[in-house]
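**Q** Compute the structure for the input listed below.
(one chain, ligands or ions: 1)
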Amino acid sequence: MNSPFARWLLVFVILGTIAYPSSHSAQKDLATIVLVRASVGSDSSTIRIRAARTITSFQRPERTPDGFVLRLPSTTIEQSAMDSSATAHPLRVTSERIRDFLVLRFRCAPTDTMTIRRDGQRDLVCTIRPLSATDRDIETPTKNHGKWSLDVIVIDAGHGGRDVGAEGVNGVYEKTVTLAIARKLRDQLKETLPRTKVVMTRDADVFIELYKRTQIANESGGKLFVSIHCNSMPTKPHPAHGCETYILRPGRNKDAARVASLENSSIQFERSSQRYAGMTEDQIIISTMAQRSFVRLSESFAAAIQKEVKQETPLADRGMSQAGFFVLVGASMPNVLVETGFLSNTSDAEYLASSKGQTALAQSLANAIRTYSASYQHSLQH
Ligand SMILES: [Zn+2]
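**A** From the prediction side, this is the model:
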């Protein structure tokens, strides 16, 4: 009983016994779950749980640190019941039998809520939605003006710690460049948008898992997420150069796929890359759908960044693109990933490593945020 799991199990069994003292007698009469299927929508996800016969009772879902747990007394599950839509990211439903309870665990953000209802005799339907689903509904921002100010901006300096990112042709690390730009951006925003809270996913040379970065953004109530990176080619020096801004969508072309796979390779530094196992192209599509309500805002922010970088820096404008970046998956706010320039290119790398270049890039991002903020406020009033 020394392991935390064993202790937890004990508590679980005791609670189960208290809640269902007669559960033993029902053991011979188990309901069997034959299907668990999920559908992830733009502002809510539903999980359908179907039994072979009437589900007599279920307990109210309970919060866990990383989602919900649902306990069904006198219930078992068929091995083939779990549909891949439920077991894959983002929900990753798992099942476990504890005594004669079937325990289903659902992963979701700490701010999500879960409701459960019957649908006919054999089905239970669980709905998971963000706590402030109505507040967050971009399509109907007039519902709550007060909460819609751009009050929290999240700046994500790519890489960090043991994950150095790309290494420049001049020896500079991507993690150093991104942190320098992020800090300068924060300082500029403090001046230009003093009433806006700025959250940094990291403010030191530390490693932060990709999933944690959006988690920090979501938990801090971020209204805009910008992830700062530097591009690189496999061989250096390389002529490819310039700045481009990405939004989350399945990659459209080879180059976008290359950039996404380069950035996603950060997961090799994480303790468990298991969490990304279900992150297939399909999952990126699902996540894109979940972000549907703010794609338009992400796009307009990305366009504003490109425009500003073109004006403020000598970096070439490579335009806007789209790819499946893990670090953007799960963000519940408009979000972009900026590839500021190529560390594999001699002149880009020199610029990115310089304080002057970093300041100009931070200035471009700050200007873009100001433009975005103004048009965002405007759209709320009309
Ligand atoms: Zn990067």
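**Q** okay, CA-based contacts and neighbour counts for the rest of this
**A** Will do.
**Q** ok, and what's touching the helix or strand harbouring N218?
**A** Element membership for N218, per DSSP states H and E: helix 210-219. Contacts to helix 210-219, defined as C-alpha atoms under 8 Å, 6 or more residues apart in numbering, come from residues 109-111, 154, 156, 199, 201, 225, 266-267, 326-333.
**Q** can you rerun that using 7 Å?
**A** Helix 210-219 is contacted by residues 154, 201, 225, 326-328, 330-332 when judged by C-alpha atoms under 7 Å, 6 or more residues apart in numbering.
**Q** Same question for stretch 361-369.
**A** Contacts to stretch 361-369, defined as C-alpha under 7 Å, 6+ apart, come from residues 181, 184-185, 188-189, 301, 304-305, 308-309, 312-313.
**Q** Just give me how far it sits from the chain centre.
**A** 23 Å (C-alpha atoms, centre = their mean, to the nearest Å).
**Q** same question, stretch 38-45
**A** 14 Å.
**Q** Buried ones in that stretch, by neighbour count?
**A** Applying a neighbour-count criterion of 16 or more other C-alpha atoms under 10 Å, one finds 38, 40-45 buried in stretch 38-45.
**Q** So for that stretch, mean pLDDT?
**A** The average pLDDT within stretch 38-45 is 82.
**Q** That stretch: end-to-end distance?
**A** Start and end residues of stretch 38-45 are separated by 7 Å (C-alpha to C-alpha, to the nearest Å).
**Q** In strands, which of the buried residues of stretch 38-45 appear?
**A** 38, 40, 45 (DSSP state E).
**Q** which one of those sits closest to P239?
**A** The shortest approach to P239 among those belongs to V40, at 41.7 Å (C-alpha to C-alpha).
**Q** can you tell me how far the closest one sits from F325?
**A** 18 Å.
**Q** burial of Y276, as a residue count?
**A** 17 (other C-alpha atoms under 10 Å).
**Q** Which strand or helix spans the closest residue in space to it that isn't next to it in sequence?
**A** Among residues not flanking Y276 along the chain, H89 sits closest, at 7.5 Å (C-alpha to C-alpha, 6 or more residues apart in numbering). Counting by DSSP H and E, no helix or strand carries H89.
**Q** Number of residues surrounding H89?
**A** H89: 25 neighbours (other C-alpha under 10 Å).
**Q** same check, this time on E191
**A** E191: 12 neighbours (other C-alpha under 10 Å).
**Q** now the one 3 residues further on
**A** One way to gauge burial is a neighbour count; for P194, by other C-alpha under 10 Å, it gives 12.
**Q** now F225
**A** 26.
**Q** now S80
**A** Neighbours of S80 (other C-alpha under 10 Å): 10.
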